[in-house]
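A.B. asks: mind looking at a prediction? Sequence and model below.
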Amino acid sequence: MGIPTSGINSQITTMNRAEITEDEIIEILWGYDAGYDSNNFCMIQTGDDYLCAKAILSKLNPPPPEVDLSGYEPRTLFDAICKIYNTTPEEAKVFNRKGDKVRVRAIYCYFARLLEFTTVETGLVMDRDHATVIHHHKKYVNWLDETKPWFRPELKEEIDEVAIKLTNCK
């Protein structure tokens with residue numbers, strides 16, 4: 001069953017694209033007997049409508065920013081993350097449970113594991129053992145998993161912002 005090529009285009013064009021929600025797009029797609037899966041891809045039977053809907057959904061779910069974290073060593077990565085969070089490495093190393101200091105250490109562990117630093121060398125930089133590094137990394141990986149009910153989108157945005165800042169402050 002074919003869909004008129006201009007169908008979705010004309011409906012979406014009449015809507016304010018800045019205010020369009022994912023639910024509204026899904027509603028439009030279902031009106032055209034189109035499918036929608038959990039990976040945010042539309043299955044529409046005509047090519048133009050598929051590309052149009054996929055482009056609009058990609059605006060709602062933009063791809064992650066391009067980042068280049070190569071060139072960082074464990075110490076320089078920790079220093080850069082401390083600078084981003086307006087703290088000193090000495091303050092971040094203090095043994096306390098203040099949220100802002102724990103967050104600096106946890107985000108450092110997350111990025112250090114992405115850069116494939118060992119847990120021992122990562123822990124040495126912040127005066128912690130390897131188990132702390134593993135704990136922080138696992139916690140963030142779980143929070144950033146979109147398939148889990150405890151997914152934290154605000155944390156994903158923060159990680160993306162930190163990655164961009166780390167790329168820019170090299």
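C.D. replies: Yep, it's here.
A.B. asks: just the strands in this structure please.
C.D. replies: 35-36, 42-43 (DSSP state E).
A.B. asks: lowest average pLDDT across these?
C.D. replies: Lowest mean pLDDT within the strands of the chain: strand 42-43, at a mean of 42.
A.B. asks: I'd say V67 and T167 touch.
C.D. replies: Yes - with contact defined as Cβ atoms under 8 Å, V67 reaches T167; the gap is 4.7 Å. Backbone N, C-alpha and C define where each C-beta goes, glycine included.
A.B. asks: buried set for stretch 111-120?
C.D. replies: Neighbour-count burial for stretch 111-120 flags 111-114, 117, 119 (criterion: 16 or more other Cβ atoms under 10 Å).
A.B. asks: so what touches that stretch?
C.D. replies: Here stretch 111-120 makes contact (Cβ atoms under 8 Å, 6 or more residues apart in numbering) with 69, 72, 74, 77-78, 81, 122, 125, 130, 133-134, 137, 162-163, 166.
A.B. asks: equivalent analysis for stretch 149-167, please.
C.D. replies: 64-69, 72, 77, 80-81, 84, 107, 110-111, 140, 142-145.
A.B. asks: okay, that stretch in PDB with CA atoms only?
C.D. replies: Extracted in PDB, the C-alpha atoms of stretch 149-167 (Å, rounded to 0.1, in the frame of the first residue of the first chain):
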ATOM      1  CA  PRO A 149      14.400   2.200  33.300                       C
ATOM      2  CA  TRP A 150      16.900   4.200  35.300                       C
ATOM      3  CA  PHE A 151      18.300   5.900  32.200                       C
ATOM      4  CA  ARG A 152      19.200   9.500  33.100                       C
ATOM      5  CA  PRO A 153      19.000  11.800  30.000                       C
ATOM      6  CA  GLU A 154      20.300  14.800  31.800                       C
ATOM      7  CA  LEU A 155      23.500  12.800  32.700                       C
ATOM      8  CA  LYS A 156      23.900  11.900  29.000                       C
ATOM      9  CA  GLU A 157      23.700  15.600  28.100                       C
ATOM     10  CA  GLU A 158      26.200  16.500  30.800                       C
ATOM     11  CA  ILE A 159      28.600  13.800  29.500                       C
ATOM     12  CA  ASP A 160      28.300  15.100  26.000                       C
ATOM     13  CA  GLU A 161      29.000  18.600  27.200                       C
ATOM     14  CA  VAL A 162      32.100  17.500  29.100                       C
ATOM     15  CA  ALA A 163      33.300  15.600  26.100                       C
ATOM     16  CA  ILE A 164      33.100  18.700  23.900                       C
ATOM     17  CA  LYS A 165      34.800  20.800  26.500                       C
ATOM     18  CA  LEU A 166      37.600  18.200  26.800                       C
ATOM     19  CA  THR A 167      38.000  18.200  23.100                       C
END
